[in-house]
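1. model this:
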Amino acid sequence: MKKIKNFFLSISTKLMLLIVLGMIVLSISLVVISVLLLGRILTKGAVTQMNLFCEERADDINTELLRIEDAVGSLSRWTRSKLPDVNTISEDEELRDAIVKDADDLIRFMTADNEFIQGAYIHYALDITGVTGRDEGVYYTRSENGEFVIVPFTQMEIEQDPVAEFWYYGPIKNKAPLWTKPYFDGSVEDYIISYIQPIFIDDTPVAIIGIDVNFRKLLQWVDSMRYRETGYMYLKEADGSAHYHIADFEKPEGVHLHDDNEDDILDNADLVNAEETGNKLIRYIYKGSDRVMAFVTLRNGMKFVLCDDYDSIYKEKNRATVLMISVSVGFTIVLAIVAAIMASRITNPLRKLTSAAHEISGGDYDVVLPPEKNNEVGELSKAFRLAINKIRAREEDNKARTVAQDQRIEKAAERLKKQNRDIIALKNLAYVDSMTKVKNKNAYDDTVGYINEQIKYGTAEFAVIMCDLNYLKLINDNYGHQAGDQALKRAADIICTAFPMSSVFRIGGDEFVVIPSGIEYARLDEHLENMRLMLEEEKASSDELEKRISISFGSAVFERKTDKAYQDVFARADKLMYDEKQRIHAADGYDAMKR
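-> The predicted structure is shown next:
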């Protein structure tokens with residue numbers, strides 16, 4: 001009788017009984033597996049249905065976008081057929097006006113019935129007309145009553161338009177039709193996207209034709225689409241940099257957009273940068289909400305996104321799963337009760353030991369352990385007690401070591417902070433010319449190395465402007481080196497004023513180099529002309545060469561097909577600068593050899 005009692009007191013015996021019960025539960029699990037198979041079928045159907053709905057709604061939007069592209073394309077082909085050669089259209093104002101007048105009815109016919117169109121226009125390029133105060137085209141915009149009205153828009157206003165980079169310079173630089181990203185147009189006080197097609201004759205931009213789409217109305221249309229009970233749609237950029245919801249454009253505090261980084265992707269993250277989700281869904285967490293999405297890329301490059309709650313999409317699957325599982329739950333209840341009773345006899349002492357372990361991990365070593373009986377739990381309780389004594393002693397030793405280590409770390413951190421501050425200060429001094437405060441030869445050499453790397457990988461796009469202060473030796477000889485230093489500073493100020501956003505380097509005694517920034521590179525001729533005008537004012541300020549600032553400069557633009565290194569572009573700019581210096585010396589009657 002005693003042997004039988006000890007048998008049932010053994011933990012190993014109890015575990016064996018639990019294993020037997022586990023086998024019974026395993027048989028029930030097979031029923032659950034069949035449920036999962038059914039769930040997989042229902043899941044596939046939900047995914048297919050959501051993607052199909054997304055594709056159908058995207059086709060509706062693409063139809064509208066295609067109508068706009070066709071309208072611009074038709075008007076562009078018609079306009080191109082009316083244009084003669086570049087010289088004729090550039091010189092004949094009456095011909096330009098006649099073409100625009102003939103296009104008037106065509107523009108109205110193609111755009112008036114489309115409620116999403118905010119405006120339409122045809123403008124001749126500045127290369128043809130120059131910057132004048134004359135209207136060189138026609139610009140229609142939709143008034144508050146929905147009618148199209150003509151808004152005067154001169155060529156001079158193109159240069160002053162803060163969004164000209166979107167609808168004018170961008171398409172001409174692209175040399176092909178394009179859809180712009182959404183931008184705020186102050187003339188209509190709203191966000192728009194534009195489809196623009198430039199017209200070229202022999203690589204000369206002659207005109208641009210475009211249609212503006214009211215982006216807010218487009219978003220309202222997208223927002224009006226609904227999928228089942230909780231599904232909704234929105235637009236986002238192809239790279240995920242901006243998500244466009246109509247609610248974000250109607251907030252009183254202003255537009256605030258988020259990007260893909262705010263979505264915590266759980267499943268199918270590799271599809272985020274794909275053209276469409278196809279036969280899959282992306283599962284993600286946004287602001288604590290479990291969601292799924294399908295998307296299709298539209299003709300304008302944006303992605304049309306359909307989102308819904310994860311639970312809503314798989315509601316049918318969940319219902320089927322609950323129904324089938326409930327059948328097996330009743331069968332397992334009795335076995336679960338038996339297992340619970342058996343488990344309690346094993347787990348109660350183990351729970352006490354687990355609770356003691358948690359208290360020990362929190363630093364409390366005065367814990368109550370199960371009695372040290374002559375069984376497995378008793379042996380484990382005894383082992384716990386011995387371990388507690390060792391941990392207590394080791395922790396006290398570790399605390400003393402930690403305090404000492406923290407003190408050493410704090411001192412090392414202070415030294416490191418001081419070293420970092422010293423390094424930053426030295427680095428700034430190493431890259432700035434102490435006299436003119438522009439960048440020095442060290443910064444120039446690093447920049448040249450970086451540009452050569454860009455050339456190597458095919459991503460370079462830059463220009464070089466070589467500048468040289470004239471008559472520095474004459475100023476030094478007649479007025480001293482202090483006057484020469486002041487002349488160098490004034491020369492640097494003139495160059496920096498002409499190119500306020502670009503990198504300016506002093507690479508020699510009287511030599512400066514300008515590498516224009518992206519914005520100033522796009523308007524290089526304008527900034528060069530500004531510097532030329534400032535130098536003309538300097539020349540007019542005095543007849544004495546020593547009392548005015550004279551700068552020779554030459555510029556060259558990187559040619560991808562012929563230039564192999566930065567030095568190729570620099571050499572051309574340097575040659576043009578030298579030729580300019582000879583011309584200035586001759587005009588000023590200055591002969592360096594005689595001096």
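
2. Please name the nearest non-neighbouring residue to the residue positioned nearest the centre of the chain.
-> Nearest to the mean C-alpha position of the chain, by C-alpha atoms, centre = their mean, lies Ser241 at 4.7 Å. Leaving aside its sequence neighbours, Ser241 sits nearest to Asp259 (C-beta to C-beta, 6 or more residues apart in numbering; 5.2 Å). To be clear about C-beta, it is placed using only N, CA and C from the backbone, and glycine gets the same treatment.

3. now Phe553
-> The shortest distance from Phe553 to any non-neighbouring residue, by C-beta to C-beta, 6+ apart, is to Cys467 (4.4 Å).

4. What count of nearby residues applies to the one you found?
-> In terms of burial, Cys467 registers 27 neighbours under the definition other C-beta atoms under 10 Å.

5. I'd like the distance between it and Asp563.
-> The spacing between Cys467 and Asp563, counted by C-beta to C-beta, to the nearest Å, is 20 Å.

6. And Ile158, by the same measure?
-> Taking C-beta to C-beta as the measure, Ile158 falls 31 Å from Asp563.

7. How about the backbone phi and psi for Asp290?
-> With angles defined as degrees, to the nearest 10, Asp290 shows backbone torsions of phi -80, psi 120.

8. Quick one: residues contacting it.
-> For Asp290, the set of contacting residues under the criterion of C-beta atoms under 8 Å, 6 or more residues apart in numbering consists of Arg283, Asp309, Tyr310, Asp311.

9. I believe the residue nearest to the centre of the chain is in a helix; please confirm or correct that.
-> No: using DSSP: H, G, I helix; E, B strand; the rest coil, the secondary structure at Ser241 is coil, not a helix.

10. Now for Ala404, how many residues are close by?
-> Neighbours of Ala404 under the rule other C-beta under 10 Å: 10.

11. Report the mean per-residue pLDDT for the helix or strand hosting it.
-> Using DSSP states H and E, Ala404 maps to helix 376-430. The average pLDDT within helix 376-430 is 70.

12. Can you give me the buried ones in whichever helix or strand comes after that helix?
-> Taking DSSP H and E as the definition, the helix or strand that follows helix 376-430 towards the C-terminus is helix 441-456. Residues of helix 441-456 classed as buried by neighbour count (16 or more other C-beta atoms under 10 Å): Ala443, Tyr444, Thr447, Val448, Ile451, Ile455.

13. Closest one to Asn174 out of these, please.
-> Distance from Asn174 was checked for each of the buried residues of helix 441-456 by C-beta to C-beta. The minimum falls on Ile455, at 22.2 Å.

14. I'd like the buried residues of helix 441-456 laid out as TSV, including pLDDT and distance to Ile33.
-> Written out in TSV, the entries for those read as follows (pLDDT from 0 to 100; distance: C-beta to C-beta, whole Å):
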residue	pLDDT	distance to Ile33
Ala443	96	68
Tyr444	97	70
Thr447	96	65
Val448	97	67
Ile451	97	63
Ile455	96	61
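
15. In CSV: the residues you listed, plus distance to Asn273.
-> As requested, the buried residues of helix 441-456 are arranged in CSV below (distance: C-beta to C-beta, whole Å):
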residue, distance to Asn273
Ala443, 36
Tyr444, 38
Thr447, 32
Val448, 34
Ile451, 29
Ile455, 28
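
16. that older thread, go ahead and confirm the residue nearest to Phe553 touches Ile515.
-> No: under the criterion of C-beta atoms under 8 Å, Cys467 is not in contact with Ile515, lying 11.8 Å apart.

17. if we can go back for a sec, what backbone torsions are found at the residue nearest to the centre of the chain?
-> Dihedral angles of Ser241 (phi, psi; degrees, to the nearest 10) stand at phi -70, psi -20.

18. Please tell me how far it sits from Thr459.
-> When C-beta to C-beta is applied, the distance between Ser241 and Thr459 equals 20 Å.

19. show me what contacts Leu106?
-> Counting by C-beta under 8 Å, 6+ apart, Leu106 has contacts Ser74, Leu75, Trp78.

20. Can you say which of the residues you listed are buried?
-> In those, burial by neighbour count holds for Leu75, counting by 16+ other C-beta under 10 Å.

21. quick check, nearest of the contacts of Leu106 to Lys173?
-> Within the set of these, Leu75 lies nearest Lys173; the separation is 21.1 Å, counting by C-beta to C-beta.

22. Nothing else from me, thank you.
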